[in-house]
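Student: how does the following fold in three dimensions:
(2 chains)
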Amino acid sequence: MGFLEINAFDGEIKYLQIMDEKGNIDPALYPKDLDDTKILSMYNYMLLARMFDAKVLSLQRQGRAVTYAPLVGEEATQIGTAFALRKEDIFVPSFRQHGSYIVRGFPMESMFLYWRGYEEGASVQGDKGDLPVAVPVATQVLHGAGMAFAQKYKKTGNVALVYVGDGGTSEGEFYEALNFAGVMKLPLIVIIENNQWAISIPRAKQSAAKTLAQKAIAAGIRGVQVDGNDVVAVYKATKEAIDSAADGPTVIECVTYRMSMHTTADDPTKYRSDSEVEQWKPKDPIARVKTYLEGKGLWNDELESKATAEFSKQIDEAVEKAEKFVENPESMFDNIYSFMPDTLKDELEDAKANGFWQGDK
Amino acid sequence: MVTAINNALEIGMRENENVVLLGEDIGKDGGVFRVTEGLQAKFGENRVIDTPLAEAGIAGMSVGMALSGLKPVAEMQFAGFMFLAFDQMINHAARYRSRTRGAFTVPMIVRTPVSGGVRTLEHHSESPEVYYSHMGGLIVVEPSTPYDAKGLMLKALHSEDPIVFLEPTKLYRLFKQEIPDEAYEVPIGKASVVKEGSKLSIITYGTMVPLVKEVVEKKKIDAEIVDLRTINPLDEAAILASAKKTGRVLIVHEASLSFGAGAEVAARIAEKAMFELEAPIMRIASPSLPYPFPGYEKYYVPGAKRISQAIDKLLEA
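Tutor: Sure thing, here's the model as predicted:
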């Protein structure tokens, strides 16, 4: 009779930071397989991602791109996770992971085409292990679990890595995916890109839980929280999750900050204070790596301007290619089914005969 | 239309302290389209609730709130995200009254922006009116003018039924219309004859109403325009009256052609007024395929030229 003391769950949430805001590294935590060449490479990717982001924003402002979700501030979370992932692993983004896409080798011209509003920009999937953008929040976490199941089933040894935001962790599908992955011991890694804001809703109003990573505990799986602006910590946590994926899934909450708007369709000054944004500026994910590399004599202003000139060229070329794209309205009808139903064919023929009703008369 | 709905919600909240608004970003941000702008400041966080990001949660919570005597008005940020709430809408909101033979009712309103034409991302341009109309149990309204939006919202706030309130995104700020400051109702289940005419009837609703009006005005033809305003239950009497009057019927909607609301309208005319028709019924709608990315939407959504050609064809038939 009475209450029994039981250990209802086991596990704790640890917070990992390896490189601090000043670029100092904790040698005890430094990942074994990381070296300065890799850090240099990640730095370059973060730089490129930020420049890509600025470019799409400017195109959007000129009416040359559709509504766009900027990544600025979240480079370390995106590059660190994608960098740890192996080519053959499964990559399941949400809608903000432009930086991760670049690391995955997704052509920037396709990304520009996607953000100009064309399905053709989502038609490049590499080895089909890289999924296109998922707009409905958190729905993709279950796809990651399903793909992880397939990896286990086919004994590929690959993992599936899926991204979701802090807001996404409130959706039922997020919990369902964690639960399935736990029960089935799937090689799934769930990256919570916690940028503190789901449009206008702050992290504190999203969940009363102290951390988002602890949602893993209820599913009986590993959860860890990392400094999402520390690319070394993000890399290490992801790498460890990949290495132990045969034992089951891991949730990694990357604590970062959305420095800009949710998308180009909203105005963050309406719902959050400038002082909050200012507080995050010294925690910039790129600056600390730059300081570190400069300290080691591996980076300087000359190299920086060389790199930005080269990236700027790559970006401009990709935009040019994307803008040369010629629309093909018939393509809308092409991939609705594996075959063309007669009724749909009639609709297509009618549209074609009338030039899709373009022009005035 | 944004201001009209906002005004109706404010009146409803002043009238009835049980009216509670809930949804994503509806408080401080005033909703992504600003429909609830200023309401949290006026009525507090307890009555205008910024919820966590969970559409099934918002719908299910609303069902529960309504079962306990509140009048929830939920906002789904986009109709394309409302499918996550579909189970709650279909299996509970629509069925509670019949399940309990009237012992329980679910007087809730779910508002959501619908349809396209504004170059948005995937899942931001859906026209889902038929999904919610098909089974029965849910009332589905879709105003096309600020006047109707306010009147229908007030009527919905006074209704005992679960109501899916569809707001065409494109019409939120397309044109201005002077509307009364005070409360008034527009009946649910009643179409509106936007323009009287005798040569043909154009039956339409939502985003297509202003477009049809523009084409008809430009062509200077003697067409009757019927705006359904309520998709379910359909105003069959108004549809049949217009069809019988003109003998020629063109149905125009933005949602896909196959199994669309136009099929229901056409079937009822065919069943009950076929011998009074001078020509076969015509339908204009988007192709029977998912709404494309914005690059292709100009080829997808029916435009003025297409409607104009159909009118010519129908008048010649």
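
Student: near chain A at all, the strand ranked longest in chain B?
Tutor: Longest strand of chain B, by residue count under DSSP state E: strand B:249-256. No: residues of strand B:249-256 contacting chain A under C-beta under 8 Å from any C-beta of the partner chain: none, with a closest distance of 9.5 Å. The C-beta positions use only the backbone N, C-alpha and C, and glycine is treated the same way.

Student: which elements pack onto that strand?
Tutor: strand B:200-204, helix B:208-219, helix B:261-273, strand B:282-286, helix B:304-316 (3 or more C-beta pairs under 8 Å, 6 or more residues apart in numbering or on different chains; DSSP states H and E).

Student: what's the angle between it and strand B:282-286?
Tutor: Here strand B:249-256 points in a direction 20 degrees away from that of strand B:282-286 (axes from the mean of the first three to the mean of the last three C-alpha atoms, to 10 degrees).

Student: mind listing the helices for chain B?
Tutor: Applying DSSP state H to chain B gives helices spanning B:2-15, B:39-43, B:55-67, B:86-87, B:96-99, B:129-133, B:146-157, B:208-219, B:236-246, B:261-273, B:297-300, B:304-316.

Student: sorry, back to before: chain center to the longest strand of chain B: distance?
Tutor: Relative to its chain's centre, strand B:249-256 lies at 14 Å (C-alpha atoms, centre = their mean, to the nearest Å).

Student: swap in stretch B:140-154?
Tutor: That offset, for stretch B:140-154, works out to 8 Å (C-alpha atoms, centre = their mean).

Student: just the endpoints, please. Distance across that stretch?
Tutor: 14 Å (C-alpha to C-alpha, to the nearest Å).

Student: doesn't A:L298 belong to a strand?
Tutor: No: under DSSP: H, G, I helix; E, B strand; the rest coil, A:L298 falls outside any strand and is assigned coil.

Student: on that earlier part again, any chance of the helices and strands packed on strand B:249-256 in TSV, with distance to A:G121 and mean neighbour count too?
Tutor: Output for the helices and strands packed on strand B:249-256, formatted as TSV (distance: least, C-beta to C-beta, whole Å; neighbours: other C-beta atoms under 10 Å in any protein chain shown):
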stretch	distance to A:G121	mean neighbour count
strand B:200-204	34	29
helix B:208-219	29	20
helix B:261-273	32	18
strand B:282-286	22	21
helix B:304-316	27	17
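
Student: chain A: which of these is closest?
Tutor: Chain A sits nearest to helix B:304-316 of all the helices and strands packed on strand B:249-256, at 4.0 Å, using C-beta to the nearest C-beta.

Student: mind listing the strands for chain A?
Tutor: A:15-16, A:90-92, A:160-165, A:188-194, A:197-198, A:201-202, A:222-227, A:250-255.

Student: how is chain A divided into domains?
Tutor: A:15-327, A:337-361 (automatic domain parsing).

Student: pipe the ones you listed into CSV and attach mean neighbour count, distance to B:Y184 and mean pLDDT per row.
Tutor: Formatted as CSV, those follow (neighbours: other C-beta atoms under 10 Å in any protein chain shown; distance: least, C-beta to C-beta, whole Å; pLDDT from 0 to 100):
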stretch, mean neighbour count, distance to B:Y184, mean pLDDT
domain A:15-327, 20, 32, 96
domain A:337-361, 12, 38, 92
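
Student: pretty sure B:H92 is touching B:G60, no?
Tutor: Yes: using C-beta atoms under 8 Å, B:H92 is in contact with B:G60, at 7.4 Å.

Student: thanks a lot, catch you later.
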